[in-house]
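Novice: From the sequence below, what's the structure:
(one chain, ligands or ions: 1)
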Amino acid sequence: MNAVVECTNLNRSYGRSKAVRSLNLKLEENTIYGLLGRNGAGKTTLLNMITGGDFPDYGEIAIAGKPLRRGESPADTCYIREKNFLFKGFKVIEILKLASKFQRNWDWDFAHELIHTFKLNPNKKIRQLSRGMESLVGNIIGLASRAPLTIYDEPVLGLDVIMREKFYRLLVEDYAEHPRTILLSTHLIDEIAKVVERIYIIEEGAILLHDDVDNIRAQSHMLTGASEAIAKFTLGKRVLYQDSYGNHTLAAVYDVIEESDRAIADSLGISIEGLPLQKFFAYLIEGGEQIG
Ligand SMILES: Nc1ncnc2c1ncn2[C@@H]1O[C@H](COP(=O)(O)OP(=O)(O)OP(=O)(O)O)[C@@H](O)[C@H]1O
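Specialist: Predicted structure coming up:
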């Protein structure tokens, strides 16, 4: 597959604070990615660099194989920012008209359908919208643009659960008909796990892990048992986190657990459960170890 975005050894500091460090990332054609990280992890800084709004101190960004130069915006890209302070005096429909001028795959029929689905009043001004409605305007632009590279920074901010589900469903349905590269940046792993195929996890400006969602699910385990048994069983396995209470230990393990391992665990009185993704994310970050 061809790389739509390739970041190599990206670094960006603001004063003494390193927002992004030695970061490598590759987005391939026709894939939905999740970029996950806590507040301040460096997600927006990375997205701003990929979309040409900021420039790395050093390192390289290539879009469709072509190095992105300072001040240059990548072609065929739609970036829906988390904070859109601009154009507050514009009406919803005016914002859509403006966006459509920059997007060669823009589909007006789809845009009108989305306005209807999301129950937005096209004649309302942006400043009159709630935070959730403002997110919806961004979501409509991202969807109707059908840009080969579509990037959303926190797309469901302020949306209630029904609207979130609607957005994710529409995204997946439209993607099935019009495949493209989509990057969703968020701190809500459980929600995007249903939508994305691959995940990059960022912490303190560096990528901690990148893998297929299915691999992450298959390898995330929560073990509980006697401390001695857990110590024996986890020897040589990747332990993200562990905590002991009395002579019992809970361990979050990120590794393949074969049937033969399960038999051993049984004999040691260890219980193995799947680890919910949000917990996996929390333990991974707590451990802070790079395992990708
Ligand atoms: N313009 C700036 N000037 C100074 N520091 C900045 C600037 N932009 C970002 N930072 C710092 O860089 C780090 C990464 O910020 P960034 O906004 O990229 O994180 P984020 O993962 O997008 O966070 P959030 O989920 O809260 O939006 C933070 O420590 C932040 O304070």
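
Novice: and the closest residue to residue 22 other than its chain neighbours, helix, strand or coil?
Specialist: Using Cβ to Cβ, 6 or more residues apart in numbering and skipping the chain neighbours, the partner closest in space to residue 22 is residue 9 (5.6 Å). For every residue, glycine as well, the C-beta is placed using N, CA and C. Classification of residue 9 using DSSP: H, G, I helix; E, B strand; the rest coil returns strand.

Novice: for the one 3 residues further on, same thing?
Specialist: With three-state DSSP as the basis, residue 12 sits in strand.

Novice: Surely it and residue 56 touch.
Specialist: Yes: under the criterion of Cβ atoms under 8 Å, residue 12 makes contact with residue 56 at 5.2 Å.

Novice: Are there residues contacting both of the two? Which ones?
Specialist: The contact sets of residue 12 and residue 56 overlap at 20, 49 (Cβ atoms under 8 Å, 6 or more residues apart in numbering).

Novice: Show me the strands in the stretch 101-250 of the chain, by range?
Specialist: Counting by DSSP state E, counting those that start in this stretch, residue ranges of the strands within the stretch 101-250 of the chain are 149-153, 181-186, 198-203, 206-212, 220-226, 239-245, 248-254.

Novice: which regions of the stretch 151-292 of the chain sit below the pLDDT cut-off?
Specialist: 288-292 (pLDDT under 70).

Novice: Tell me the residues on it that lie near the ligand, please.
Specialist: Of all the residues in the stretch 151-292 of the chain, those in contact range of the ligand (Cβ under 6 Å from any ligand atom) are residue 187.

Novice: Of all the residues in the stretch 151-292 of the chain, which one is nearest the ligand?
Specialist: residue 187 (5.9 Å; Cβ to the nearest ligand atom).

Novice: ok, the nearest residue to residue 261 once chain neighbours are set aside to residue 219 distance?
Specialist: For residue 261, the nearest residue in space outside its immediate sequence neighbours is residue 233; the separation is 7.7 Å by Cβ to Cβ, 6+ apart. Using Cβ to Cβ, to the nearest Å, residue 233 is found at 15 Å from residue 219.
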